[in-house]
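1. got a predicted model here, sequence first, then my questions.
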Amino acid sequence: QVQLVESGGGLVQAGGSLRLSCTASGGTFSTYVMAWFRQGPGKEREFVATTNTGGYTNYANSVKGRFTISRDNAKNTVYLQMNSLKPEDTAVYYCASRKYVPTRNSDQYNYWGQGTQVTVSS
(Lines give C-alpha, C1' and ligand atoms only; values in the text may rest on other atoms or scores of the structure.)
Protein backbone atom coordinates (compact mmCIF):
# COMPACT_ATOMS: atom_id res chain seq x y z
CA GLN A 1 0.00 0.00 0.00
CA VAL A 2 1.36 3.39 -1.03
CA GLN A 3 0.69 6.50 1.02
CA LEU A 4 1.05 9.95 -0.54
CA VAL A 5 1.26 13.22 1.37
CA GLU A 6 1.19 16.58 -0.40
CA SER A 7 2.49 19.87 0.92
CA GLY A 8 3.37 23.34 -0.28
CA GLY A 9 -0.02 24.79 -1.11
CA GLY A 10 -1.06 28.26 -0.06
CA LEU A 11 -2.23 31.68 -1.11
CA VAL A 12 -0.28 33.54 -3.79
CA GLN A 13 -0.88 36.55 -6.00
CA ALA A 14 -1.31 36.20 -9.73
CA GLY A 15 2.06 35.96 -11.42
CA GLY A 16 3.65 34.35 -8.39
CA SER A 17 5.11 30.90 -7.86
CA LEU A 18 4.61 27.90 -5.60
CA ARG A 19 6.26 24.51 -5.35
CA LEU A 20 4.18 21.54 -4.33
CA SER A 21 5.74 18.39 -2.92
CA CYS A 22 4.36 14.88 -2.64
CA THR A 23 6.21 12.34 -0.52
CA ALA A 24 5.46 8.65 -0.89
CA SER A 25 5.84 5.77 1.53
CA GLY A 26 4.98 2.10 1.52
CA GLY A 27 6.13 1.22 -1.96
CA THR A 28 9.07 1.29 -4.32
CA PHE A 29 8.83 4.91 -5.37
CA SER A 30 11.34 4.65 -8.19
CA THR A 31 9.09 2.21 -10.06
CA TYR A 32 5.95 4.34 -9.95
CA VAL A 33 4.45 6.75 -12.42
CA MET A 34 3.60 9.95 -10.55
CA ALA A 35 1.07 12.59 -11.51
CA TRP A 36 -0.60 15.76 -10.35
CA PHE A 37 -4.30 16.45 -10.78
CA ARG A 38 -6.39 19.37 -9.60
CA GLN A 39 -10.00 20.15 -8.84
CA GLY A 40 -11.19 23.74 -8.91
CA PRO A 41 -14.36 25.07 -7.29
CA GLY A 42 -17.38 23.57 -9.02
CA LYS A 43 -15.20 21.72 -11.52
CA GLU A 44 -14.30 18.13 -12.18
CA ARG A 45 -10.87 16.80 -11.34
CA GLU A 46 -8.45 17.42 -14.20
CA PHE A 47 -5.02 16.23 -15.23
CA VAL A 48 -2.09 18.58 -14.68
CA ALA A 49 1.16 16.67 -15.25
CA THR A 50 2.76 13.26 -15.08
CA THR A 51 6.24 11.75 -15.06
CA ASN A 52 7.64 8.24 -15.16
CA THR A 53 10.86 6.73 -13.92
CA GLY A 54 12.64 7.37 -17.21
CA GLY A 55 12.20 11.13 -17.13
CA TYR A 56 9.20 11.29 -19.46
CA THR A 57 6.89 14.21 -18.72
CA ASN A 58 3.51 15.25 -20.04
CA TYR A 59 1.48 18.35 -19.27
CA ALA A 60 -2.00 19.68 -19.72
CA ASN A 61 -2.07 22.43 -22.32
CA SER A 62 -3.32 24.88 -19.72
CA VAL A 63 -0.10 24.60 -17.68
CA LYS A 64 2.49 23.83 -20.34
CA GLY A 65 5.40 26.27 -20.14
CA ARG A 66 4.41 27.42 -16.65
CA PHE A 67 4.49 24.24 -14.54
CA THR A 68 7.29 21.70 -14.21
CA ILE A 69 6.98 18.22 -12.74
CA SER A 70 10.10 16.54 -11.36
CA ARG A 71 11.00 13.74 -8.99
CA ASP A 72 13.75 12.85 -6.55
CA ASN A 73 13.77 9.08 -6.15
CA ALA A 74 16.25 9.29 -3.27
CA LYS A 75 13.71 11.34 -1.32
CA ASN A 76 10.61 9.46 -2.55
CA THR A 77 9.25 12.82 -3.60
CA VAL A 78 7.64 14.34 -6.68
CA TYR A 79 7.42 18.10 -7.14
CA LEU A 80 5.28 20.49 -9.09
CA GLN A 81 6.93 23.86 -9.67
CA MET A 82 4.22 26.34 -10.60
CA ASN A 83 5.22 29.68 -12.10
CA SER A 84 3.23 32.56 -13.56
CA LEU A 85 0.21 31.46 -11.59
CA LYS A 86 -3.23 32.62 -12.68
CA PRO A 87 -6.49 32.85 -10.73
CA GLU A 88 -7.82 29.95 -12.81
CA ASP A 89 -5.10 27.75 -11.30
CA THR A 90 -6.95 27.95 -7.99
CA ALA A 91 -7.78 24.37 -6.99
CA VAL A 92 -7.07 21.53 -4.65
CA TYR A 93 -4.01 19.78 -6.07
CA TYR A 94 -3.72 16.03 -5.71
CA CYS A 95 -0.75 13.74 -6.12
CA ALA A 96 -1.40 10.29 -7.58
CA SER A 97 0.60 7.20 -8.50
CA ARG A 98 0.31 4.06 -10.53
CA LYS A 99 2.64 1.51 -12.07
CA TYR A 100 3.83 1.14 -15.65
CA VAL A 101 2.48 3.63 -18.20
CA PRO A 102 1.82 7.33 -17.66
CA THR A 103 -1.72 8.39 -18.41
CA ARG A 104 -3.93 11.47 -18.12
CA ASN A 105 -6.87 9.35 -16.99
CA SER A 106 -7.42 9.78 -13.25
CA ASP A 107 -9.41 6.52 -13.07
CA GLN A 108 -6.22 4.60 -13.80
CA TYR A 109 -4.30 5.87 -10.79
CA ASN A 110 -4.36 3.60 -7.78
CA TYR A 111 -3.11 5.81 -4.99
CA TRP A 112 -4.01 9.37 -4.06
CA GLY A 113 -2.94 11.96 -1.55
CA GLN A 114 -5.32 14.05 0.51
CA GLY A 115 -4.78 17.19 -1.56
CA THR A 116 -3.32 20.62 -0.90
CA GLN A 117 -5.14 23.89 -1.55
CA VAL A 118 -3.67 26.44 -3.94
CA THR A 119 -5.38 29.82 -4.12
CA VAL A 120 -4.29 32.47 -6.61
CA SER A 121 -5.61 35.96 -6.02
CA SER A 122 -6.01 38.50 -8.82
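-> On my side now, so go ahead. Numbers count the residues shown, from 1 in each chain.
2. can you give me the end-to-end span of stretch 38-52?
-> The first residue of stretch 38-52 is 19 Å away from its last residue (CA to CA, to the nearest Å).
3. what separates that stretch from the chain centre, distance-wise?
-> 8 Å (CA atoms, centre = their mean, to the nearest Å).
4. as a whole number, average confidence for it?
-> In this model, stretch 38-52 has a mean pLDDT of 97.
5. mind listing what's buried in it?
-> 38, 45, 47-52 (16 or more other CB atoms under 10 Å). The C-beta positions use only the backbone N, C-alpha and C, and glycine is treated the same way.
6. and if you look at stretch 11-24?
-> Buried residues in stretch 11-24 (16+ other CB under 10 Å): 12, 18, 20-24.
7. try stretch 107-122
-> 109, 111-113, 115-116, 118, 120.
8. please apply the same query to stretch 23-38.
-> Quick answer for stretch 23-38 (16+ other CB under 10 Å): 23-24, 27, 29, 32-38.
9. who are the neighbours in contact with the residue nearest the centre of the chain?
-> By CA atoms, centre = their mean, the chain has its centre lying nearest to Trp36, at 2.4 Å. Contacts for Trp36 (CB atoms under 8 Å, 6 or more residues apart in numbering) come out as 20, 22, 48-50, 69, 78, 80, 93-96.
10. still on that earlier bit, now, which of the buried residues of stretch 107-122 sits nearest Val2?
-> Distances from Val2 to the buried residues of stretch 107-122, taken as CB to CB, are shortest for Tyr111 (4.2 Å).
11. check contacts around Gly42.
-> Per CB under 8 Å, 6+ apart, neighbours of Gly42: none.
12. if we can go back for a sec, the buried residues of stretch 23-38 in strands, which ones?
-> Within those, residues falling in strands by DSSP state E are 23-24, 32-38.
13. in CSV, list the buried residues of stretch 38-52 along with distance to Arg104.
-> Shown next, in CSV, are the buried residues of stretch 38-52 (distance: CB to CB, whole Å):
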residue, distance to Arg104
Arg38, 13
Arg45, 11
Phe47, 4
Val48, 9
Ala49, 9
Thr50, 7
Thr51, 12
Asn52, 13
